[in-house]
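Engineer: Quick one: sequence and predicted model below, then my questions.
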Amino acid sequence: MLEKNNLLGFTQQQLNEFFSQIGEKPYRTRQLMQWVYHKEVYNFNDMLNLSKNLRSKLCSLASLDLPKVSKQNFASDGVIKWLLDLGCNNQIEMVYIPENDRGTLCISSQVGCSLACTFCSTGMQGFNRNLKTEEIIAQVVIAKQYLSDNNKNISNVVFMGMGEPLLNEKAVFDACNILLDDMAFGLSRRKVTISTSGVVPALIRMAQKTPVSLAISLHAPDDELRDILVPINQKYPIKSLLEACNNYLNSGDQQRHILIEYVMLDGINDTFEHANKLVKLLKGMPTKVNLIPFNTFEKTQYKTSKTATIKHFQDILHKSGIRTMTRRTRGEGVDAACGQLAGKVIDKSNRSLKNNGRN
Ligand code: SAH
Ligand code: SF4
C-alpha cells in the first residue's frame, strides 16, 4: 500500500503543490493550515469549511498522524521531558524548559547521532536514522497541545535534543520554514536555533537556506583537544569552522550573531590557558558564549568542572569583552539536561568504521 503523505511535514509551498496536484485551488492551503496550526484539529472530517469531496480525498491520500507519547516526565523545576515512540524500536526525546520570560522547547533531529562526541550520551549510543520533517514538527505540535492546555507557551525552539541537525539538513530546513511561517507557528528567526558540532559544508548552505539563529558546539579552543572531544573536528578543523561562521555572519539581511557552546569538563578544557586561547579565537566576532556545566551520565569518564573554576573561566572571558553566561542545569531529576537525552536507538552506524560527517 502506498504510504499516505503526512501533511505535518509540508511547508506552505509544498502544500500549494500538493493541492494543485489533486486539482484543488491554492486557498485550500490557508484553510488546512488554519485548522492544523491555529485550531489544533487533526481529523480531516472535522475541517468543516473543506468540501465533503475534498475531505474524503484527504482521508484517502493524506494523514496528520502524530507519534505516540510513551512517557512524560516532570522535573521539580518545571522541566518536562517527553519520550516519543516512532515505531520499529526507535525513540526520541524532547524537553520543555520554562524560564521567567520564555519557554524553550528542545527538539531532536535524528534517532541517535553518528558523530560520537565523547562527552555526549546521545553520541555514545550510536545512530539509527534521520527524522522526517513531520516527525520534527510533530514534537512541537505534541508539546504545544499539552502546554496550551496548561496555560504555558513555547516561545523558543532549539535543535539541541538528539542528533546533529546539519546531517539532516533538508528535513531540518523545511521544519524551520514551518516554524517561522506565520500561517503555522509564526516564530521569529531569533527564536529558532540550530545547534551544530560543525558540519561545515552544510553550515555554508544553511547561511543561504534558512534565516534561523546558529549555535556552535565548540567545546575546545584548539584542534588537538577538539579532535578528541568533537571527532568531526578531524574532518572540519576549527579554522574552517570559523570561516563558515564568518560566512554565516555576513549572509542574510539582518545583523547576525552566534552562540558558542562550551561544555565545562573538569581538568580537560577548563584551565586558564584554555580560557585565554578561547579569547584569542573569538576576539572581534559577534558571539555570546554559553558555558555548560557537564551533565553526567552512566559510563562517562568525565566530571563536571568545579563551580569556582567555571566562574573563573567566565571572568576571564568577560574581562576580555566576550559576553559569557553559564547555563543553569535544568531537568536533572529526569535526565533531561543537555547531552543526557537518550531514547532507545538501534545503532546502525557501525562504530568501528566511525562515520564522521557524510557530506
Ligand atoms: N548535535 C548538535 C545538537 C545537539 S547537542 C550539537 O552538538 O550541537 C546540544 C548541546 O548539548 C551541544 O552543545 C552539545 O555539545 C551539548 N552536550 C552534549 N552532551 C553534553 C553533556 N553531557 N553535558 C553538557 N552538554 C552536553
Ligand atoms: Fe551528536 Fe551533538 Fe551529541 Fe556530538 S554533541 S554526539 S554532534 S548530538
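Structural biologist: Sure thing, it's come through. Ligands and ions are numbered 1, 2, ... in the order given.
Engineer: Would you mind measuring from the residue nearest to the spatial centre of the chain to ligand 2?
Structural biologist: Nearest to the geometric centre of the chain sits F159, at 0.9 Å (Cα atoms, centre = their mean). Noted for F159: a distance of 10 Å to ligand 2, by Cβ to the nearest ligand atom, to the nearest Å. Backbone N, C-alpha and C define where each C-beta goes, glycine included.
Engineer: so who does that residue touch?
Structural biologist: With contacts defined as Cβ atoms under 8 Å, 6 or more residues apart in numbering, F159 is in contact with I107, S109, P165, V172, T193, I194, S195.
Engineer: where does the closest residue to I97 other than its chain neighbours fall, phi/psi-wise?
Structural biologist: Spatial nearest neighbour of I97, chain neighbours left out: T104 (4.7 Å); criterion: Cβ to Cβ, 6 or more residues apart in numbering. Here is the backbone geometry of T104 (degrees, to the nearest 10): phi -100, psi 130.
Engineer: and T300, how many residues sit next to it?
Structural biologist: The number of residues packed near T300 is 16, by other Cβ atoms under 10 Å.
Engineer: Identify the residue nearest it in space, chain neighbours excluded?
Structural biologist: Leaving aside its sequence neighbours, T300 sits nearest to F119 (Cβ to Cβ, 6+ apart; 6.9 Å).
Engineer: which SS class is that neighbour?
Structural biologist: Three-state assignment for F119 (DSSP: H, G, I helix; E, B strand; the rest coil): coil.
Engineer: Identify the residue spatially nearest to the residue nearest to the centre of the chain, adjacent ones excluded.
Structural biologist: F159's closest residue in space is P165 (Cβ to Cβ, 6+ apart), at 4.2 Å.
Engineer: Might one say that that neighbour is in contact with I194?
Structural biologist: Yes. Applying Cβ atoms under 8 Å, one finds P165 in contact with I194, separated by 5.0 Å.
Engineer: Need the residues touching each of those two.
Structural biologist: Any residue near both P165 and I194 by Cβ under 8 Å, 6+ apart counts here, and that gives F159, V172.
Engineer: if you count what's nearby, which of those two comes out ahead?
Structural biologist: P165 (30 against 26).
Engineer: How much space separates that one from ligand 1?
Structural biologist: The gap separating P165 from ligand 1 is 6 Å, by Cβ to the nearest ligand atom.
Engineer: mind listing what that residue touches?
Structural biologist: Counting by Cβ under 8 Å, 6+ apart, the residues that P165 touches are S109, Q110, F159, V172, I194, S195, T196.
Engineer: Alright, calling it a day.
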